[in-house]
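# My questions concern the predicted model and sequence given below.
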Amino acid sequence: MAGRELPPSSPFASDDGSADPGVAAALAAYGTGEGSLAGVVAALAGTRVLVPVLAELELADVVVHDGHEHTVDKEASAGIVALQTPDGRRALPAFTSVSTMTAWRADARPVPTGVARAALSAVQEGWEVVVVDPGGPVTALLPRPAVWALAKQEEWVPAVDGGAVAGDVAAAVARALDGVPAVVRADVEPGRRAELAVVATLVAGLDRPALERTVAGINAALAAEEVVAERVDSLELRLRSAS
């Protein structure tokens, strides 16, 4: 048995708190660099996760992600913990097993739930991301589009995978900016500070008011494009002047 038994809760009354083998394998591969985050999300689909409930919450905790420790704030909603990620977003912690939850907080009470329900709860609470096993040994931060896909029980296809931008995302960005005045060309590439970088080439000689109007138009067009809104977790805008 992996740790203490879970409280009786149908359909998880016989759950011994062990991690799903497929999820454990996907996380291990992700941790060594041989797997991908998309592989972790795919393995999680249809499985059980554990959501922690704490009787008393402290002001701060530490989340380990990509080998670095981040101090994060906490808040409570009926004892459910929400973590604040380094970029300021709220995250629902979800654990693959009782042992990984105990490694994070020995006093946390595990509440089993299907991953789709957990993801939907995070969305309804306005918590944009999910942190899987924040206490390790491997931590996976699931971005907003992945959380939405799990909630809807759909496949998650990353906007950027293996250093390449998905074709439908690139096409959506080009389509969105096609009608923005002063934009000559729109390109996309993996971002440095965000998931996706939109590189907009503008007509030469724009004054400041015209540049500000153009940037506002670009942001509005991207926000209105459904594919971009659903598939892209975060983006950065880079401006170039046409020669």
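Done, it's in. Residues are numbered from 1 along each chain as shown.
# Point out where the protein drops to low pLDDT.
By pLDDT under 70, the weakly predicted segments of the chain are 1-10, 12-13, 56-79.
# Quick one: residues contacting the residue nearest the centre of it.
Centroid check for the chain by C-alpha atoms, centre = their mean gives residue 143 as the closest residue, at 1.1 Å. Residue 143 is in contact with 129, 195, 233-234, counting by C-beta atoms under 8 Å, 6 or more residues apart in numbering. For every residue, glycine as well, the C-beta is placed using N, CA and C.
# any idea how far residue 196 lies from residue 147?
Separation of residue 196 from residue 147 (C-beta to C-beta, to the nearest Å): 17 Å.
# Residue 171 now?
24 Å.
# Likewise for residue 15?
In terms of C-beta to C-beta, residue 15 sits 23 Å off from residue 147.
# can you check residue 243 too?
Counting by C-beta to C-beta - residue 243 and residue 147 are separated by 42 Å.
# Between the two, point out the one with more neighbours.
Neighbour totals were compared for residue 243 and residue 147, and residue 147 leads with 25 against 5 (other C-beta atoms under 10 Å).
# all strands for this structure, in order.
Assigned by DSSP state E, the strands in the chain fall at 48-53, 60-65, 68-77, 80-84, 90-94, 109-114, 129-132, 140-142, 160-161, 164-165, 183-190, 196-202, 235-241.
# can you give me the angle the last one makes with strand 183-190?
Computed with axes from the mean of the first three to the mean of the last three C-alpha atoms, to 10 degrees, the direction of strand 235-241 lies at 140 degrees from that of strand 183-190.
# Output the contacting helices and strands for strand 235-241.
Contacts defined by 3 or more C-beta pairs under 8 Å, 6 or more residues apart in numbering; DSSP states H and E place strand 235-241 against strand 196-202, helix 208-224.
# As a markdown table, the strands of the chain with distance to residue 223 and mean neighbour count would be great.
Formatted as a markdown table, the strands of the chain follow (distance: least, C-beta to C-beta, whole Å; neighbours: other C-beta atoms under 10 Å):
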| stretch | distance to residue 223 | mean neighbour count |
| --- | --- | --- |
| strand 48-53 | 31 | 22 |
| strand 60-65 | 27 | 16 |
| strand 68-77 | 27 | 13 |
| strand 80-84 | 24 | 20 |
| strand 90-94 | 21 | 25 |
| strand 109-114 | 31 | 19 |
| strand 129-132 | 19 | 24 |
| strand 140-142 | 22 | 23 |
| strand 160-161 | 19 | 16 |
| strand 164-165 | 18 | 16 |
| strand 183-190 | 15 | 17 |
| strand 196-202 | 12 | 20 |
| strand 235-241 | 10 | 14 |
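# Having no further points to raise, I will conclude here.
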